[in-house]
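**Q** Predicted model follows, preceded by the sequence.
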There are 2 protein chains.
Amino acid sequence: MSLQILAVEGLPEVRPGDDLATLIVGAVELRERDCVVVTQKIVSKAENRLVEIDPDDPRSHKPLVEEEAVRILRRRGDLLITETRHGFVCANAGIDLSNVDRGLAALLPEDADRSARRIRDGIRARAGVEVAVVVSDTFGRPWRRGVTDVAIGCAGIAGVVDLRGTTDALGRELQVTEVAVVDEIAAAADLVMGKARGVPVAVVRGLDPAWFRPGEVRREVVRDPADDLFR
Amino acid sequence: MSLQILAVEGLPEVRPGDDLATLIVGAVELRERDCVVVTQKIVSKAENRLVEIDPDDPRSHKPLVEEEAVRILRRRGDLLITETRHGFVCANAGIDLSNVDRGLAALLPEDADRSARRIRDGIRARAGVEVAVVVSDTFGRPWRRGVTDVAIGCAGIAGVVDLRGTTDALGRELQVTEVAVVDEIAAAADLVMGKARGVPVAVVRGLDPAWFRPGEVRREVVRDPADDLFR
């Protein structure tokens, strides 16, 4: 088994109102069961989730962070670890200023699973192929240094694959049962995107066909706070 | 830019004392700057990090967990969230029973960065190619359901890539600066390994050449507890 991950280069700068499906099918030839990974940044831009901030005040987006967060888990200096209304736990409510024009900040999409479905439906309509779509964002983690990309929305692919009841290579029932494949896909895609190279779309080709079914990050990946040992 | 991820199939069942570099170069033709991802399970087996447990008592490895942990962060029923002496925060001190013979439990390698260096040196000696090696393991995360693979050791590749001082595609200095590329590599490799398929080695081909330099998970990726908001 092998997998290919392709950076989609040559996309134009995304503007509010742009149709991402059209831009993507114009830039890459997609095949059935490709998984298209799209960064949150261009989804937020296309959906006009941009707000004006004072370009000369590096703290001017902070009131926005408090507005967008439903809970603040930790606070250190300017860094807030927040829970967003989607249930994501991340720095500064997912608001950031990189790769947007000076004087603007990008908020998270209102519903990134819905964003993923729209892009998927658009690709089907324009190119006639059934693909999966993952919307990725860059989050920190406790206990480990460095950020990694995770999924904030998906369509046409399982968020979590349940291996319960399957057996390992020695015929024993597996103890670890649920794999967050959309997060692994987002992380894999980031290896070709690079934070600084401005490649906001990648294609993952060759994933297990069994994973292609309706999926949602919010319902499958976001952990119920009642079930969470660290909230 | 594109990346290829190959599952290395046909490896024999690993036994204590086996030389993993020899087994790997016998199973796959490696190229310069490939990154070889090896699961913790076969590293622990080769290094004889196996201990006997009562095969009829599902809780018989629990005293081992308390022995291997330096700290217990949370406890719920049989699940302990522990800090290991390497600084990893994971369930049950990283001890697990899947894919090992009945009556045995596998402990984490004593020093998985050293394990990675040995495999890398062995591959250089046997196949004459310079590769990177990542030792991966499967960890849960707070706030998000499902497990993902992360790196517990590496050699010949940066644990964390520092993008500080580089600029984004619009020429602004990046806010998010440090990417845990070894964790993204481990996650990507898991997409072809699969928990149940018993493929314990994968090759990631086509990574950014700039990442190939001496690296260590414990020094680079494990967060200093003093700098950690969730410990």
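**A** Here it is on my side, so go on.
**Q** What confidence value was assigned to the nearest residue to residue A:201 once chain neighbours are set aside?
**A** Using C-beta to C-beta, 6 or more residues apart in numbering or on different chains and skipping the chain neighbours, the partner closest in space to residue A:201 is residue A:8 (4.0 Å). C-beta: built from backbone N, CA, C; applies to glycine. Residue A:8 is assigned a predicted lDDT (pLDDT) of 96.
**Q** close enough to count as contact, residue A:8 and residue A:203?
**A** Yes: proximity of residue A:8 to residue A:203 meets the contact threshold set by C-beta atoms under 8 Å, at 6.3 Å.
**Q** Now for the two: what residues contact both?
**A** residue A:28 (C-beta atoms under 8 Å, 6 or more residues apart in numbering or on different chains).
**Q** Any idea how many residues pack against the residue nearest to residue A:201?
**A** Per other C-beta atoms under 10 Å in any protein chain shown, the neighbour tally for residue A:8 reads 20.
**Q** Could you look up the SS state of the most centrally placed residue in chain A?
**A** Centroid check for chain A by C-alpha atoms, centre = their mean gives residue A:136 as the closest residue, at 1.8 Å. Under DSSP: H, G, I helix; E, B strand; the rest coil, the three-state class of residue A:136 is strand.
**Q** Against residue B:135, how distant is the residue nearest to it when sequence neighbours are not counted?
**A** Nearest non-adjacent residue to residue A:136, counting by C-beta to C-beta, 6+ apart: residue A:186, 3.8 Å away. As for residue A:186, its distance to residue B:135 is 22 Å (criterion: C-beta to C-beta, to the nearest Å).
**Q** quick one, which of these two is more surrounded?
**A** Taking other C-beta under 10 Å, residue A:186 and residue B:135 do not tie; residue A:186 has more neighbours (33 against 29).
**Q** which stretches of chain A form helices?
**A** A:20-27, A:40-46, A:62-68, A:112-127, A:181-193, A:217-220 (DSSP state H).
**Q** of those, which approaches residue B:76 most closely?
**A** Minimum separation from residue B:76 across the helices of chain A (C-beta to C-beta) falls at helix A:217-220, 21.2 Å.
**Q** How many residues are close by the nearest residue to residue A:210 once chain neighbours are set aside?
**A** Spatially, and ignoring its direct neighbours in sequence, residue A:210 is nearest to residue A:161 (7.9 Å; C-beta to C-beta, 6+ apart). Residue A:161 is flanked by 22 other residues according to other C-beta under 10 Å.
**Q** Any figure for the gap between residue A:161 and residue A:180?
**A** Per C-beta to C-beta, residue A:161 is found 8 Å from residue A:180.
**Q** can you list the domain ranges for chain A.
**A** Residue ranges for each domain of chain A read A:4-49+A:109-223, A:50-107, as given by automatic domain parsing.
**Q** So which of the ones you listed is the most surrounded?
**A** Each of these was given a mean neighbour count from mean count of other C-beta atoms under 10 Å in any protein chain shown, and the largest, a mean of 21, is that of domain A:4-49+A:109-223.
**Q** how about low-confidence regions in chain A?
**A** For chain A, the stretches flagged by pLDDT under 70 are A:164-176, A:195-197.
**Q** Strands of that one, residue ranges please.
**A** A:2-7, A:35-39, A:50-52, A:69-76, A:79-84, A:89-91, A:104-106, A:132-139, A:148-155, A:161-162, A:178-179, A:201-205 (DSSP state E).
**Q** just to revisit the earlier point, report the contact partners of the residue nearest to the centre of chain A.
**A** A:37-40, A:149-152, A:186, A:189-190.
**Q** any residues in contact with both of residue A:161 and residue A:180?
**A** With C-beta under 8 Å, 6+ apart, residue A:161 and residue A:180 have common neighbours residue B:146.
**Q** if we can go back for a sec, take the strands of chain A and write them to a markdown table, including distance to residue B:117.
**A** Shown next, in a markdown table, are the strands of chain A (distance: least, C-beta to C-beta, whole Å):
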| stretch | distance to residue B:117 |
| --- | --- |
| strand A:2-7 | 27 |
| strand A:35-39 | 32 |
| strand A:50-52 | 47 |
| strand A:69-76 | 35 |
| strand A:79-84 | 34 |
| strand A:89-91 | 33 |
| strand A:104-106 | 41 |
| strand A:132-139 | 29 |
| strand A:148-155 | 23 |
| strand A:161-162 | 33 |
| strand A:178-179 | 28 |
| strand A:201-205 | 30 |
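**Q** Residue A:43 and residue A:115 touch, don't they?
**A** Yes: applying C-beta under 8 Å as the test, residue A:43 and residue A:115 come out as touching, 4.9 Å apart.
**Q** leaving aside the residues next to it on the chain, what's closest to residue A:152?
**A** Residue A:152's closest residue in space is residue A:112 (C-beta to C-beta, 6+ apart), at 4.3 Å.
**Q** need the contact list for that neighbour.
**A** Neighbours of residue A:112 in contact, by C-beta under 8 Å, 6+ apart: A:40, A:43, A:86, A:135, A:152-153, A:217.
**Q** quick one: it from residue A:218, how far?
**A** Taking C-beta to C-beta, one finds residue A:112 at 8 Å from residue A:218.
**Q** Kindly report the same for residue A:100.
**A** Residue A:100 is 24 Å from residue A:218, by C-beta to C-beta.
**Q** again, but for residue A:192
**A** Noted for residue A:192: a distance of 26 Å to residue A:218, by C-beta to C-beta.
**Q** before we move on, what about residue A:189?
**A** 20 Å.
**Q** repeat for residue A:49
**A** 17 Å.
**Q** now residue A:140
**A** In terms of C-beta to C-beta, residue A:140 sits 20 Å off from residue A:218.
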